[in-house]
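Student: Next come a sequence and a model predicted from it.
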Amino acid sequence: MRDRAVRILTPLAVGVAFLAAWEAFVTVQRIRPYLLPKPSAIWRQLTQNRSDILDAALATGSNALVGLVAGSVLGILAALVASRFWIVDELLIPLAAAVNAMPIIALAPIFNNMFSTTSTVPRRLIVTVVVFFPIFVNALRGLRQVAPIHRELLDSYAASGWEFARKVRVPNALPFVFTGLRLAASLAVIAAVVAEYFGGVQNGLGTRITSAASNTAYPRAWAYVAAACALGLVFYLAATLLERLAMPWKRTALAG
Amino acid sequence: MTAPTPRRSWLNQRVGRSQNVDSAKIDDGTPAVELVAVDKVFAAGRTGEVTALVGVDLAVAPGEFVTFIGPSGCGKSTLLRLVADLTEPTAGTVRVNGKTARQARLDQDYGIAFQQSGLMDWRTVVRNIELPLELRGWDRRRRRDRARELLELVGLPEFADHRPGELSGGMQQRVAIARALATGPRLLLMDEPFGALDEMTRERLQAELARIAAETGATVAFVTHSIPEAVYLSQRVVVMSARPGRVSAVVDVDLGVRTEDTREAPEFFAKVTEVREALRGRRSPSVAAFGAGEER
């Protein structure tokens, strides 16, 4: 109980101290707001634009969520197929590596042109592509790293390939998939926000940040950045929570 | 000492996998396990080929407890895997309950336990024991009842819903033995199941295994490094030598029902000495005088 309090309070105290130091620094040094606004000014913007920020966060968040789910499902399916058939594996790995090496955000303007200007599809598509790779790579690793003894055991039971996949491969891969998901959750939000920088519907956090910045409303721009930060955190925590729920046997390990 | 894992392609076939033939008694003189002129060469015909076993002939009677002992690299684990059909012989035949080893595996005539427990940490203890039953299509209630019964047998009834990670090494190994016994096989294959345990736990589990084997009447083929373990457990000790792996001697052990006193008995020590001499490649103490020079 005490450990827990320390674990929560310590970063909180550090955060508060950091904000105080920031505030003091900007005040004492008389830093111009366009260089760095005060935390208090950002906070004022956050409270003033509360409902607008919430709407924008919801718009961006739903793009990120749809893309995350789609990318995860595709990544896991691809990993399942690749782990089962070596030929698919040989074809998919270089392809996935190529996709990963590509600056996916750079596709945003192109995707935007493919769909109408009011469509959220291009943003969701970008998130999907961004998410796919970490999920695919981690899931594949998990599906492959089966303990030899488990393989032999299932062979001794004369288990079919399908039974082996269901009883061993998939549960064995779960921790790896969730490692990928935690990574992908933060990436999804980043991709969703940045994808909005390239035009399209004016409803998300990314578009709010660019419009505030171009109106020299820097504290407001920072308020939206803070919201994007919080959104990313929510996604990450949700992924962690899901991980705990899905793998009760790891709970003790995670808590420790 | 572990053989390479065979490719799944030939293991996947489900031809003729029949249900519930486990307790089919074979009392017509058919050996539980029979090896005839078995050779096993790894990477045969290629550079780095390793001859694991040469010319092994062996028969194990139903209900018999046989241990295989020998130095590392003598092929004793390979021999067990041949019986389990986890690897195939290069030459010769392996028959289990009068069937091919393949058919016996598909019929799940045997239960197997390894040096590592191989429990799955995503399953509770009781669900680990249920795994082979699940694969045979037993319904939930019947599985649960059988698993509880087995936990009782290995002395862990209160650990049913624990995770394997919460158990000590010895307890995990008991669960693995319970899992091997789940389908009530007539044949138990054990590859150094107590190899990683401390001496005290080891002796306790040996006593339990001796009891379980006697109670179930199962045939046991047991691989070990330990001479006292071999003598304590078995009716017959198959002594093997390395490079190439072959059977060098067979020592019959007749110590009656095993108790804790068995370990203190003079006959026990006499058998331990006999097996040790056999492992050193001496036929009897009388040749020890000039046999010493042959020791490695």
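Tutor: Nice, I can see it.
Student: Could you point out the helix or strand that follows whichever strand or helix holds residue A:74?
Tutor: Taking DSSP states H and E as the definition, residue A:74 sits inside helix A:50-84. Sequence-wise, the next helix or strand downstream of helix A:50-84 (DSSP H and E) is helix A:86-101.
Student: I'd like to know how many residues surround residue 158.
Tutor: Defaulting to chain A. By other C-beta atoms under 10 Å in any protein chain shown, the residues close to residue A:158 number 24. The C-beta positions use only the backbone N, C-alpha and C, and glycine is treated the same way.
Student: hmm, I had chain B in mind actually
Tutor: Burial of residue B:158, expressed as a neighbour count using other C-beta under 10 Å, amounts to 8.
Student: Now do the buried residues in stretch B:89-103.
Tutor: B:89-90, B:92, B:94-97, B:99, B:101-103 (16 or more other C-beta atoms under 10 Å in any protein chain shown).
Student: mind checking how far the most far-flung residue of chain A relative to its centre is from chain B?
Tutor: In chain A, residue A:156 marks the outermost C-alpha relative to the chain mean, sitting 41.2 Å out by C-alpha atoms, centre = their mean. The gap separating residue A:156 from chain B is 5 Å, by C-beta to the nearest C-beta, to the nearest Å.
Student: which parts of the stretch 1-150 of chain A sit against chain B?
Tutor: Residues of the stretch 1-150 of chain A lying near chain B by C-beta under 8 Å from any C-beta of the partner chain: A:147-150.
Student: Save those residues as TSV, and put in pLDDT, secondary structure and neighbour count too.
Tutor: As requested, the residues of the stretch 1-150 of chain A next to chain B are exported to TSV (pLDDT from 0 to 100; DSSP: H, G, I helix; E, B strand; the rest coil; neighbours: other C-beta atoms under 10 Å in any protein chain shown):
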residue	pLDDT	secondary structure	neighbour count
A:147	90	coil	13
A:148	91	helix	13
A:149	92	helix	17
A:150	93	helix	19
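Student: Can you classify the nearest residue to residue B:36 once chain neighbours are set aside by secondary structure?
Tutor: Once flanking residues are discounted, residue B:36 sits nearest to residue B:93: 5.0 Å by C-beta to C-beta, 6 or more residues apart in numbering or on different chains. Going by DSSP: H, G, I helix; E, B strand; the rest coil, the secondary structure assigned to residue B:93 is strand.
Student: Low-confidence stretches in the chain?
Tutor: In the absence of a named chain, this looks at chain A. Low-confidence segments of chain A, defined by pLDDT under 70: A:1-2, A:251-256.
Student: my bad, the chain I had in mind was chain B
Tutor: For chain B, the stretches with pLDDT under 70 are B:1-28, B:282-296.
Student: Which residues belonging to stretch B:118-127 are considered buried?
Tutor: For stretch B:118-127, using 16+ other C-beta under 10 Å, the buried residues are B:118-127.
Student: Out of the residues you listed, which is nearest to residue B:148?
Tutor: Distance to residue B:148 across the buried residues of stretch B:118-127 (C-beta to C-beta) is lowest for residue B:126, with 7.2 Å.
Student: And the buried residues of stretch B:89-103, which is closest to residue B:200?
Tutor: Nearest to residue B:200 among these is residue B:96, at 34.3 Å by C-beta to C-beta.
Student: Enumerate the residues of the stretch 51-200 of chain B near chain A.
Tutor: Within the stretch 51-200 of chain B, the residues that sit near chain A (C-beta under 8 Å from any C-beta) are B:84, B:86, B:105-108, B:110, B:112, B:114, B:116, B:118, B:120-123, B:131-132, B:134-136, B:163, B:165.
Student: Can you flag which of these belong to helices?
Tutor: B:105-106, B:131-132, B:134-135 (DSSP state H).
Student: Going by residue numbers, what spans are helices in chain B?
Tutor: Under the criterion DSSP H, helices of chain B are mapped to B:76-83, B:101-106, B:125-135, B:140-153, B:169-181, B:199-216, B:227-233, B:266-279, B:288-291.
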